[in-house]
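[1] Okay, predicted coordinates and the sequence, questions at the end:
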Amino acid sequence: MFEPSSRYANCEDSKIVTGHDQTIITYKRRRFLPQAEKMTIIQEVTVTAGERLDSIAAKVLGDAEQYWRICDANNAMYPEELVSEAGKVLKVAVPW
């Protein structure tokens with residue numbers, strides 16, 4: 001359902017039965033933010049003006065789509081807040 005590098009890849013599947021025809025719908029269960037304080041930090045990055053989270057992920061992790069790992073390491077529910085001001089220091093955790 002999801003690529004192995006997706007943040008949802010390890011989320012548990014669930015099923016629900018709906019409608020008159022008893023259609024079974026498979027879905028991923030909710031993903032909770034991991035505890036950032038338990039992660040191993042490999043680097044800190046200072047945000048520059050106009051920088052985007054995907055470009056930081058590409059530079060540091062080698063894959064722009066892994067921006068969510070930076071979000072997790074910084075307890076961020078709203079990724080855009082991480083790059084909203086220049087000079088902010090972001091943690092980058094070991095990919096698991």
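    Sure, I can see it. Residues are numbered from 1 along each chain as shown.
[2] Just the helices from this structure, written as ranges.
    Counting by DSSP state H, the chain has helices at residues 53-61, 67-73.
[3] could you dump the ones you listed to CSV with mean pLDDT and mean neighbour count?
    Backbone N, C-alpha and C define where each C-beta goes, glycine included. Conversion of the helices of the chain to CSV gives the following (pLDDT from 0 to 100; neighbours: other C-beta atoms under 10 Å):
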stretch, mean pLDDT, mean neighbour count
helix 53-61, 95, 17
helix 67-73, 93, 21
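[4] looking at those helices, which is closest to A36?
    Distances from A36 to each of the helices of the chain were compared by C-beta to C-beta, and the smallest falls on helix 67-73, at 5.4 Å.
[5] The closest one - contacts with which helices or strands?
    For helix 67-73, the elements it packs on are helix 53-61, strand 89-93, judged by 3 or more C-beta pairs under 8 Å, 6 or more residues apart in numbering; DSSP states H and E.
[6] related to what we said a few turns ago, is it possible to get JSON lines of the helices of the chain that adds distance to V47?
    Rendered in JSON lines, the data for those read as follows (distance: least, C-beta to C-beta, whole Å):
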{"stretch": "helix 53-61", "distance to V47": "7"}
{"stretch": "helix 67-73", "distance to V47": "10"}
